[in-house]
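Enquirer: Predicted model, plus sequence, below.
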Amino acid sequence: MTVVEAEIRAAEARERLNNTASRIQAKLEPQALAAQAREAGVTAAKCGLESAKSNPGAVAGGVAVLGLLLNRRRIARLFKRKR
């Protein structure tokens with residue numbers, strides 16, 4: 001390999017590296033990250049809604065358990081013995 005060929009290969013490698021760095025910078029911009037997060041949130045919400053629609057009993061059970069968990073002290077006071 002001659003010096004000229006090596007310089008050409010180095011220039012090509014440098015160009016590939018610069019292109020890769022540019023793509024990474026574009027993906028890491030705050031606006032791009034916010035858009036990706038927003039899109040992921042919307043997708044997760046749609047998936048959750050569809051799951052809730054297809055399993056209403058499980059959703060009702062989960063809400064009931066959560067309500068009992070959040071009100072456990074009040075419920076315990078209702079059943080506490082008076083001395």
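Expert: Structure's in. What do you need?

Enquirer: Tell me the buried residues in stretch 35-47?
Expert: For stretch 35-47, burial by neighbour count (16 or more other CB atoms under 10 Å) applies to no residue. Backbone N, C-alpha and C define where each C-beta goes, glycine included.

Enquirer: Averaged pLDDT, that stretch. What do you get?
Expert: The average pLDDT for stretch 35-47 rounds to 95.

Enquirer: so where's this protein shaky on pLDDT?
Expert: Across the chain, the ranges flagged by pLDDT under 70 are 82-83.

Enquirer: So which residues of it form helices?
Expert: With DSSP state H, the ranges of helices along the chain come out as 3-27, 30-54, 56-70, 72-79.

Enquirer: any idea of the angle the last one forms with helix 56-70?
Expert: So that's helix 72-79. 70 degrees (axes from the mean of the first three to the mean of the last three CA atoms, to 10 degrees).

Enquirer: Contacts for helix 72-79, please.
Expert: With contact meaning CB atoms under 8 Å, 6 or more residues apart in numbering, helix 72-79 is reached by residue 68.
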